[in-house]
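*Asks:* Build me a model:
(2 chains)
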Amino acid sequence: MRIFQGVDIVEISKFKKVFLNNDSFVSDIFSEKEREYCLSKKDPYIHFAGRFAAKEASLKALGTGMSGTGIDRMFKEIEIIPGASGKPVLSFSGWAKKISGKKGINQFTVSISHSENHAVATVILTGRDTV
Amino acid sequence: MSHNLITEEKVFQELKKAIVETLRADENSIRPGTSLINDIGAESLDFLDINYRLEQAFGIKMARHFVLEHIEEMFGEGAAIDENGLLTEKAIELLKIRFGDNMPDLKPGMDMDEVPALVTAQSIVQGVMDILDSLPEKCPACGNSAWKSDDGGKVKCGSCGENAVYTNGDDLIKEWLTKVQEEKNIF
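*Replies:* Okay, here's the model as predicted:
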């Protein structure tokens, strides 16, 4: 079994500034379900920032990094929504799903936490051995 | 086509401004060959902010999909990335054609996540210039050829006042891949 891990920390005040300065940020980065969930909370930015950290941690675990020269759509293709128990559940679509498939990844776990000004997330992916 | 309304120097200055505002970096430390990750410590949120600022400054739409994704979409599964997430020889050949001297450390078998560190100020400027060069000869709204830019940033039609509309970054990458494949038959 191969294990892929990623961790990321986001400064919430900085995240909020980027979020508010760019009109298409929220729809470019977050799925409709993520937007619905975060906007239902008293302080949506904490929850958006936590999800952003989880997306970045997923990119690190997948080993893709970001594209750099553009607005990376993979952020939106990595979705974190609450499961039945309320715990966040991670799923991939599009290019992110394709990369995880290439690496034989079949299990995903994510954990998100935050303090007043920081959100942190860890992602662990497990998959089959390759040659 | 190029109208020379916005110079490469203007794009570089705008990028420097975006980097300084986003990362509070020293303006004098930013050169064309500066790696945003290795030399300035940019993170993904910074990259997003910088790209959005460039979109706003020039009225353009940067690519939403990485060139590697377009390669696989157009030329098939495994064309760009192998089963271990490593870049194929053909993908490197294409990236070298696209980025040339701006990314001298590209090599087959490198990991996907090594690529972002190779992104320099110049490679971002090149991406913006490619989009700006897609400005059609005539204004689609009035048919006149009277583009102008008062501030060296946003372009509008001097005849009817419509804002310039450029080809978006993703469509340009696809056009470029089609052209390179026709010329070099890589896949």
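
*Asks:* can we go C-alpha only for contacts and neighbour counts from here?
*Replies:* Noted.

*Asks:* Now residue A:26: closest residue in space, sequence neighbours ignored.
*Replies:* residue A:19 (6.7 Å; Cα to Cα, 6 or more residues apart in numbering or on different chains).

*Asks:* Please state the backbone phi and psi of the one you found?
*Replies:* phi -60, psi -50 (degrees, to the nearest 10).

*Asks:* mind listing what's buried in the helix or strand encompassing residue A:97?
*Replies:* Per DSSP states H and E, residue A:97 falls inside helix A:94-102. For helix A:94-102, burial by neighbour count (16 or more other Cα atoms under 10 Å in any protein chain shown) applies to A:95, A:96, A:97, A:99, A:100, A:102.

*Asks:* Export it to PDB, keeping only CA atoms.
*Replies:* Taking C-alpha atoms only, helix A:94-102 is exported to PDB below (Å, rounded to 0.1, in the frame of the first residue of the first chain):
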ATOM      1  CA  GLY A  94     -12.000  16.000 -13.400                       C
ATOM      2  CA  TRP A  95      -8.200  16.200 -13.600                       C
ATOM      3  CA  ALA A  96      -7.800  15.700  -9.800                       C
ATOM      4  CA  LYS A  97      -9.700  12.400 -10.200                       C
ATOM      5  CA  LYS A  98      -7.600  11.400 -13.100                       C
ATOM      6  CA  ILE A  99      -4.300  11.900 -11.200                       C
ATOM      7  CA  SER A 100      -5.600  10.000  -8.200                       C
ATOM      8  CA  GLY A 101      -6.700   7.200 -10.500                       C
ATOM      9  CA  LYS A 102      -3.200   7.100 -12.100                       C
END
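
*Asks:* Show me what counts as buried in the helix or strand that that helix is followed by.
*Replies:* On the C-terminal side of helix A:94-102, the nearest following helix or strand under DSSP H and E is strand A:105-114. For strand A:105-114, the neighbour count (16+ other Cα under 10 Å) marks A:105, A:108, A:110, A:111, A:112, A:113, A:114 as buried.

*Asks:* you'd agree the first one is up against residue A:128?
*Replies:* Yes - taking contacts as Cα atoms under 8 Å, residue A:105 lies within contact range of residue A:128: 6.6 Å.

*Asks:* How about the residue minimising distance to the centre of chain B, nearest residue that isn't a chain neighbour?
*Replies:* With distances taken as Cα atoms, centre = their mean, residue B:127 lies nearest the centre of chain B, 1.8 Å away. Leaving aside its sequence neighbours, residue B:127 sits nearest to residue A:69 (Cα to Cα, 6+ apart; 7.0 Å).

*Asks:* Quick check: that neighbour touching residue B:125?
*Replies:* No - at 9.2 Å, residue A:69 does not count as touching residue B:125 under the criterion of Cα under 8 Å.

*Asks:* got the contact list for the helix or strand bottoming out on mean pLDDT in chain A?
*Replies:* Ranking every helix and strand in chain A by mean pLDDT, DSSP states H and E puts helix A:94-102 at the bottom, with a mean of 91. Under the criterion Cα atoms under 8 Å, 6 or more residues apart in numbering or on different chains, residues A:62, A:74, A:77, A:78, A:106, B:69, B:82, B:83, B:84, B:85 lie in contact with helix A:94-102.
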